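**Q** this one's structure only:
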């Protein structure tokens with residue numbers, strides 16, 4: 001179930017909010033130009049970041065909490081991979097720039113942006129290739145097993161072989177970025193064939209509806225209703 005962000009704007013002193021917006025205004029302008037958000041949306045998303053981190057940094061635990069509570073993602077393995085991809089600075093935390101970039105992709109990303117992102121999530125070894133072993137691990141972790149049957153692994157291997165046959169366009173036994181991109185463009189449902197690395201449409205809609213159409217205010221993602 002998708003948990004809507006709760007309203008905790010009252011927890012922040014109005015003067016503190018004004019100071020934060022003034023301090024980050026140049027960054028808000030720059031990020032609004034490089035993302036799919038307008039200036040007001042960018043400012044409110046940065047304010048959300050500030051509240052979630054209490055003025056600190058967004059570590060792996062906080063980021064995973066947002067992915068789970070606000071964007072309905074549940075796979076531990078994929079959330080760790082998503083964190084690694086979004087953490088562009090490789091400092092072990094999500095910067096404000098990475099925060100806006102990730103939400104821009106999750107909520108309003110183009111098909112090309114999502115394809116590049118999804119491949120990066122699945123490219124565990126960072127070598128530009130997705131092998132059968134990687135596919136097995138990702139699908140094994142992502143699929144909910146209905147039983148403890150020993151045949152479950154064999155079923156996943158069969159699924160891997162089927163997906164490899166579908167997406168390995170150059171027939172070299174691996175999925176390159178070009179294989180992945182062309183497969184997804186031809187069949188968009190293949191984008192998350194190896195695991196849910198993007199929020200569901202329901203989660204995106206729930207998140208986007210937290211924008212007040214009159215004020216542009218975005219309530220803070222802090223927990224369940």
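**A** Looks like it came in fine. This is a predicted model, so every value here is computed, not measured.

**Q** Go through the protein and flag its longest helix.
**A** helix 151-167 (DSSP state H).

**Q** can you give me the offset of that one from its chain's centre?
**A** Remark: helix 151-167 is offset 25 Å from the chain centroid, using C-alpha atoms, centre = their mean, to the nearest Å.

**Q** for the record, mean pLDDT for that helix?
**A** Helix 151-167 comes out with an average pLDDT of 90.

**Q** Which elements pack onto it?
**A** Other helices and strands packing on helix 151-167, by 3 or more C-beta pairs under 8 Å, 6 or more residues apart in numbering; DSSP states H and E, are helix 132-142, helix 177-186. C-beta here means a position set from N, CA and C on the backbone, and glycine is covered the same way.

**Q** Grab the nearest non-local neighbour of residue 157.
**A** Closest residue to residue 157 apart from its sequence neighbours, by C-beta to C-beta, 6 or more residues apart in numbering: residue 136 at 6.4 Å.

**Q** Also residue 134?
**A** Distance criterion C-beta to C-beta, 6+ apart; nearest residue to residue 134, sequence neighbours excluded, is residue 124 at 5.1 Å.

**Q** ditto for residue 199
**A** residue 71 (3.9 Å).

**Q** can you map out the strands along this structure?
**A** Along the chain, the segments classed as strands by DSSP state E run 58-59, 93-94, 129-130, 175-176.

**Q** strands paired with the third one, and their directions?
**A** Within its sheet, and counting by DSSP bridges, strand 129-130 is paired with strand 175-176 (antiparallel).

**Q** average model confidence for the partner strand?
**A** For strand 175-176, mean pLDDT is 98.

**Q** contact partners of that strand?
**A** Contact with strand 175-176 is made by 128, 129, 130, 131, 135, 164, 167, 168, 170, 183, as judged by C-beta atoms under 8 Å, 6 or more residues apart in numbering.

**Q** Name the spans of the protein whose pLDDT lies under the cut-off.
**A** Judged by pLDDT under 70, the chain has its weakly predicted residues at 1-11, 143-151, 211-225.

**Q** rewinding a little: output the contacts of strand 175-176 in JSON lines, with distance to residue 46 and neighbour count appended to each entry.
**A** JSON lines is the format used below for the contacts of strand 175-176 (distance: C-beta to C-beta, whole Å; neighbours: other C-beta atoms under 10 Å):
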{"residue": "128", "distance to residue 46": "33", "neighbour count": "13"}
{"residue": "129", "distance to residue 46": "36", "neighbour count": "18"}
{"residue": "130", "distance to residue 46": "34", "neighbour count": "25"}
{"residue": "131", "distance to residue 46": "39", "neighbour count": "16"}
{"residue": "135", "distance to residue 46": "37", "neighbour count": "25"}
{"residue": "164", "distance to residue 46": "42", "neighbour count": "18"}
{"residue": "167", "distance to residue 46": "38", "neighbour count": "22"}
{"residue": "168", "distance to residue 46": "42", "neighbour count": "18"}
{"residue": "170", "distance to residue 46": "43", "neighbour count": "11"}
{"residue": "183", "distance to residue 46": "36", "neighbour count": "20"}
